[in-house]
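In: Test case, fold it:
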Amino acid sequence: MDIDPLLLARIQFATNISFHILFPAITIGLAWLLFFFRVRFTLTGEAAWEYAYSFWVKIFALTFALGVVSGVTMSFQFGTNWPGFMERVGNIAGPLLGYEVLTAFFLEASFLAIMLFGKQRVSNRVHLTATFLVAFGTSLSAFWILALNSWMQTPAGYSIEDGQFYATSWFEIIFNPSFPYRLTHMLLASFLTSAFLVAGVSAWRVRRKVDGPATWKVLKTGVLAAAVLTPLQIFVGDLQGLNTLEHQPQKIAAMEAIWETQRGASFTLFGLPNEELKKTDYALEIPYVASLILTHGLEGEVRGLNSFEDHPPVAATFWSFRIMLGVGMLMLLVSWWGAWTYFRGKIPSSLLLSALSAMTFSGWVATLAGWYVTEIGRQPWVVYGLVTTAEVAAEHHSATLGGTLLGYVCLYLFLLLSYIQALRHLATKPARSLAMLPRRLDASTQGATE
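Out: Okay, the predicted model is just below:
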């Protein structure tokens, strides 16, 4: 089959970034949870917090390694499939990626060794500091990556000479119009992903009867964190939606499958967008709700897809948004159910534990769906309104792209299944006796090097 090489190149990059983002989505939030565990152990001296740290730092290390490897592979694609991107915007993208390596990755890599192997070799204070610096480094990495990606969505602070982009204001480039909303949204997504991961794995350990005191503490931490962060994420998502409506109205129109400009636009719960006929088949609509959400008014005007010369693929954007929204509502329901259980002083029921177990990787689903909305919704632009995706693609034969795409898919499926199996293996091991750990933080745990 003679498939469009541009489509195959886009699918290949989407495959790479879809696999890669799974792991930073965990490491960013999990690093801060590890810091929290370490702080709690330092303040209380309870061995359960020490055990919680020891258990989850292994999962953090495995996740961090896969994130690094998949990130390197993704960066290679700029040269193999998208050479025009760096030729056109390398003066802006190159420094931002360089800052990420110099200020964030080196920080993470340098102190990760102390996190993993230094607990018995350095003082508790040094180990706590190393954990903080790794957590800070993961967030700093997200800062630079989101700065570049947000600039591609809402470019600012540049000039164009002979087709190449040059920086006129690094402040405007970094803090472009969509950056604050998108960075906050992504960080919260990572925290939620980690919260449901630790809660789900802990609930699974309880159900398999391999739990200990640390398991219940981690379970409660994950549930309460998710209960607080989920409504905050919904609020930030609304702010980002308003920002997107201002700067990328085509994306909003595709997300809602609104074809004609209208006031009092309905929100489509379900439907099958038909781009050929420019309508949504079998639409189940709630009147006025789209205008209420997007403009905060029942009669607010929302521009339709037919008013734009170019617009993104509708069906993929439409359904990705609804998957993200649906999973987010499930997160809210399950986390508040768990928080209400703890508020009443009750022990989570078997039904709640099953629900939490089922939601273990819900953060992955929501994060991927959100990224698909963002990236597919930007098409046909790579730098919004200025450079199209087709302009920067390499001229490869479809057979070449198809073969490498198949190789990537097979490798990533193998790695993903191996990761989940390794996680399952760690979660199945019975909890060690807390008698093996120090009961209180004293001179023996602070170490002789302090």
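
In: hey, let's count contacts and neighbours off CA atoms from now on
Out: Will do.

In: Can you mark which positions in stretch 209-223 are buried?
Out: Buried residues in stretch 209-223, counted by 16 or more other Cα atoms under 10 Å: 210-212, 214-223.

In: Identify the residues contacting that stretch?
Out: Residues from elsewhere that reach stretch 209-223 (Cα atoms under 8 Å, 6 or more residues apart in numbering): 48-49, 51-52, 194-200, 202-203, 205-206, 335, 338-339, 342, 428-432.

In: try it again with 6 Å
Out: For stretch 209-223, contacts defined as Cα atoms under 6 Å, 6 or more residues apart in numbering pick out 48, 52, 195, 198-199, 202, 205, 335, 430-431.

In: Format those residues as JSON lines; extra columns: neighbour count.
Out: Converted to JSON lines, the contacts of stretch 209-223 look like this (neighbours: other Cα atoms under 10 Å):
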{"residue": "Ala48", "neighbour count": "24"}
{"residue": "Ala52", "neighbour count": "22"}
{"residue": "Ala195", "neighbour count": "29"}
{"residue": "Val198", "neighbour count": "26"}
{"residue": "Ala199", "neighbour count": "29"}
{"residue": "Ser202", "neighbour count": "28"}
{"residue": "Arg205", "neighbour count": "25"}
{"residue": "Ser335", "neighbour count": "28"}
{"residue": "Pro430", "neighbour count": "13"}
{"residue": "Ala431", "neighbour count": "18"}
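
In: Keep only those of those residues that are in helices.
Out: Mapping these onto helices (DSSP state H) picks out 48, 52, 195, 198-199, 202, 205, 335.

In: between these, which is nearest Gly118?
Out: Gly118 lies nearest to Ala52 out of these, by Cα to Cα, at 16.6 Å.

In: and Gln446, what pLDDT?
Out: Confidence at Gln446, expressed as pLDDT, is 37.

In: just Ile11 next, same as before
Out: In this prediction, Ile11 carries a pLDDT score of 89.

In: Looking at the ones in helices among the contacts of stretch 209-223, spot the one nearest Pro95.
Out: Ala195 (32.9 Å).

In: quick one, what contacts that closest one?
Out: 222, 226.

In: quick one: it from Ala225, how far?
Out: Ala195 is 6 Å from Ala225, where distance means Cα to Cα, to the nearest Å.

In: One more: Ser190?
Out: 12 Å.

In: which one of the two has more residues nearby?
Out: Ser190 (25 against 20; other Cα atoms under 10 Å).

In: ok, that one touching Gly29?
Out: Yes - if you go by Cα atoms under 6 Å, Ser190 and Gly29 touch, sitting 5.2 Å apart.

In: Arg280 in helix, strand or coil?
Out: Arg isn't right for residue 280; it's Thr. When classified by DSSP: H, G, I helix; E, B strand; the rest coil, Thr280 comes out as strand.

In: Leu284: which element?
Out: When elements are assigned from DSSP states H and E, Leu284 belongs to strand 279-286.
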